[in-house]
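Undergrad: 3D model of this:
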Amino acid sequence: MSTHLAAVLPSPGQPLTIHERATPKPGPNELLIAVKSIALNPADVIIGEDTTGQFIPLARDGEIILGFDLSGLVLDVGENVPSKARFQQGKTRIAAYSASFWRSWDPNYGALQQRCLVPWQHCVILPDNISFHDGASIPVAVSVALNAWEILGLELGQDSITGGDNVCQEIRGEDEDKRVGTGREALLIWGASSSVGTMGVQTAALLRSQGQVYMVYATAGEANMGYAKSLGADRVWDYKDANLLEKISASAKKDGVVIRRIFLAKGNLPMCREVLGIFYPEIHGGDSCEGENIGDYKSCVTTSARAVRGKIASAPPIPAEDAGDDLGSERSPKFEMVWLVPSMDEERRLAQFRYWMGEWLTHCLAKGTVRPSPEVKVLGKGLEAINGGIQMLKNGVSCCKLVVEIDD
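TA: Purely as a prediction, here's the structure:
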């Protein structure tokens, strides 16, 4: 019987321990992956420390193996996997979003081990110029960003796959001046230097190039503002700035835009609510500003914003005290917030991942319209390095993706 090593969670909040376990065979529509690199996510900390049973039932028996982002080589291919030529044993390099969350935490599907089962729909084939380390940093970040645009009613068109002339064109300088004052929409990405935030900026720039949004606004730490701009943001502010709300409001007035949709990649939910309150002042009990003088900015943006329901798409879990509060309730029918989790319906989720990973991301990586971001920080080799990485996540990291090399 073939075996491999895995990093197992003994109980919530405890360090992972290394155990040997039997290597499974892939079932229908599954691949067995020899894991080369794994990337750590804040969800690994949140779930690993959960003592409420929200994510993993407290009474659950058996091993718990965490982890979401992985890359590696296809070792075995299960039945019913279409286009098997795409997944060649020992040759095809993939990155994948693990399926353990949707498999009731079956340990065979957790990423933090040397061998892992994944549905073929969850995989992106890596081009030769992308390393296993960089590849492992991509799946969750891309999936969260694309899920956000779907939830927010935005859609990346075929140009982003086919590499049409409008993809990733920079719209700055003279072109930017032409856009000022037309009363269109700015998409705000809060926490743009996190891994999902950087991918949010990249993909939002594609939305802008296709005319789905007018400008891309972002917040980041002061040291990472330039990086967020290099990925495609038009305006970037320091999220710690004491005058942040005033600056966003002033820029929106100058640019002639409204903010109706916010992607909260990481950070401050109350501040995101305050930003929407500028354009939906009734959220906070303010004047509705529905005057007749459309030349007045407050009246203009309020009337424009009220035509569309305001939304926050949140990568972090929604705090219990905020769920069902004034977000989309009768007190504030123009405002709602959605936690970004891929569909719990199996058929729908597999269809989502098949498009996000197998089609959209595979083509965009091959053509270079999307690149791995932010830079990876390799913590070491072997499962033993994971605990140190989790502690680093608890202490806080910025503008880097923590990666562990699992195997050569």
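
Undergrad: Downstream of the lowest-mean-pLDDT helix or strand in the chain, the next helix or strand is which one?
TA: Every helix and strand of the chain was ranked by mean pLDDT, DSSP states H and E. The lowest is helix 174-179, at a mean of 39. Counting by DSSP states H and E, the next helix or strand C-terminal to helix 174-179 is strand 184-190.

Undergrad: For my notes, confirm Thr378 occurs in a helix.
TA: Quick fix: residue 378 is Val, not Thr. No - read with DSSP: H, G, I helix; E, B strand; the rest coil, Val378 is strand and lies in no helix.

Undergrad: For it, give the beta-bridge partners.
TA: Using DSSP bridges, the bridge partners assigned to Val378 are Val403.

Undergrad: residues in contact with it?
TA: Contacts for Val378 (CB atoms under 8 Å, 6 or more residues apart in numbering) come out as 133, 403-405. All C-beta atoms are positioned from the backbone trio N, CA, C, and that covers glycine.

Undergrad: Mind putting those into TSV with neighbour count?
TA: Output for the contacts of Val378, formatted as TSV (neighbours: other CB atoms under 10 Å):
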residue	neighbour count
His133	21
Val403	26
Val404	26
Glu405	18
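
Undergrad: can you tell me which of those residues lies nearest to Ala6?
TA: Val404 (13.1 Å; CB to CB).

Undergrad: Do I have it right that the closest one meets Ile390?
TA: No - in this structure, Val404 is not within contact of Ile390 by CB atoms under 8 Å, at 10.1 Å.

Undergrad: Please enumerate the shared neighbours of those two.
TA: Common neighbours of Val404 and Ile390, counting by CB under 8 Å, 6+ apart, are Leu40.

Undergrad: Run through the helices of the chain in chain order.
TA: All helices of the chain, identified by DSSP state H, fall at 42-48, 132-136, 139-151, 159-162, 174-179, 195-209, 225-231, 244-255, 269-279, 297-306, 346-353, 362-367, 386-395.

Undergrad: Can you check which of the ones you listed gets nearest to Leu75?
TA: Closest approach to Leu75 among the helices of the chain is made by helix 132-136 (14.4 Å; CB to CB).

Undergrad: if you average pLDDT over the closest one, what comes out?
TA: Helix 132-136 shows a mean pLDDT of 98 in the predicted model.

Undergrad: Can I get that helix in PDB? Just the C-alpha atoms.
TA: C-alpha atoms of helix 132-136 as PDB (Å, rounded to 0.1, in the frame of the first residue of the first chain):
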ATOM      1  CA  PHE A 132       5.000  25.600  -8.800                       C
ATOM      2  CA  HIS A 133       5.500  28.200  -6.100                       C
ATOM      3  CA  ASP A 134       3.800  31.000  -8.200                       C
ATOM      4  CA  GLY A 135       1.200  28.600  -9.400                       C
ATOM      5  CA  ALA A 136       0.200  27.700  -5.800                       C
END
